[in-house]
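Novice: pasting a predicted model and its sequence here:
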Amino acid sequence: TRGFTVAIDGPAASGKGTISRAVAARFGFAHLDTGLLYRAVGAKVLEGMDPVAAARALRPGDLDGDALRTPAIAQEASKVAALPEVRAALKDFQRSFAARSGGAVLDGRDIGTVICPDAQVKLFVIADAVVRARRRFAELSEKGIETTFEEVLADVQARDARDMGRADAPLRPAVDAVTLDTSDMDIEDAVAAAVALIEAKR
Ligand code: C5P
């Protein structure tokens, strides 16, 4: 499986993170949640740093998933993600990760279109915005982050619009991506669909 890459893209809370972790564990592939890169830059910007300088100075040690998963950081992440210089600064790290031997799963918004256009498997995971907001609200509540369903829905919709509307690497399926709508699926079925797709290409 040298250089085998699985690209999983989709909007916030579509289920792509859960599917990515599950297939990485299943096949022994390394996993990179590329949203964490943009979140780490967003967090530095909220601390007063310049976004391009923050992206250029980013280190793998800055990618603390727990601390970075707040709605405020998510919003700032989607703003810095519209800056071409920020995206360019994060490209090499993602491409090197994808090229590691033993296989890699990368999830994000532009993996199949820009970062890994030659990925052997491309999945575009979608779900209805209300369903996604319900999932994200449950996750945040469980972590003790105080918010409302309405706030989470507004956050998801604002990020969708920004991510789909930007000029550089907008959120959209690659022409050769398989779309998986998880609105009415439980997680086991969504993972099974992804596993079947990877097994067919391995
Ligand atoms: O996936 P996650 O919700 O953590 O991503 C946070 C933000 O980072 C997204 O809303 C998007 O603007 C940006 N992002 C991106 N390209 C990626 C991954 C994330 O622009 N590959």
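Specialist: Nice, thanks for sending it over.
Novice: relative to S20, how far out is the spatially most central residue of the chain?
Specialist: Central residue of the chain (CA atoms, centre = their mean): G108, 2.7 Å from the mean position. Noted for G108: a distance of 10 Å to S20, by CB to CB, to the nearest Å. Every C-beta, even on glycine, is put in place using the N, C-alpha and C of the backbone.
Novice: intersection of neighbour lists for these two?
Specialist: Common contact partners of G108 and S20 (CB atoms under 8 Å, 6 or more residues apart in numbering): 8, 33.
Novice: what separation do you get for the residue nearest to K143 when sequence neighbours are not counted and the ligand?
Specialist: Leaving aside its sequence neighbours, K143 sits nearest to R69 (CB to CB, 6 or more residues apart in numbering; 7.5 Å). For R69, the distance to the ligand equals 7 Å [CB to the nearest ligand atom, to the nearest Å].
Novice: same thing with G28?
Specialist: Taking CB to the nearest ligand atom as the measure, G28 and the ligand are separated by 23 Å.
Novice: any idea which helix or strand in the chain has the lowest mean pLDDT?
Specialist: helix 65-68 (a mean of 91; mean pLDDT, DSSP states H and E).
Novice: ok, back up a step: from what I can see the residue nearest to the centre of the chain touches T34, true?
Specialist: Yes: applying CB atoms under 8 Å, one finds G108 in contact with T34, separated by 3.6 Å.
Novice: what's the overlap in contacts for the two?
Specialist: I115.
Novice: tell me the contacts of V131?
Specialist: For V131, the contact set (CB under 8 Å, 6+ apart) comprises 182-183.
Novice: any idea how far it is from V86?
Specialist: Taking CB to CB, one finds V131 at 30 Å from V86.
Novice: and if you look at A167?
Specialist: 13 Å.
Novice: neighbour-wise, which of those two wins?
Specialist: Taking neighbours as other CB atoms under 10 Å, A167 and V86 compare with V86 leading, 25 against 7.
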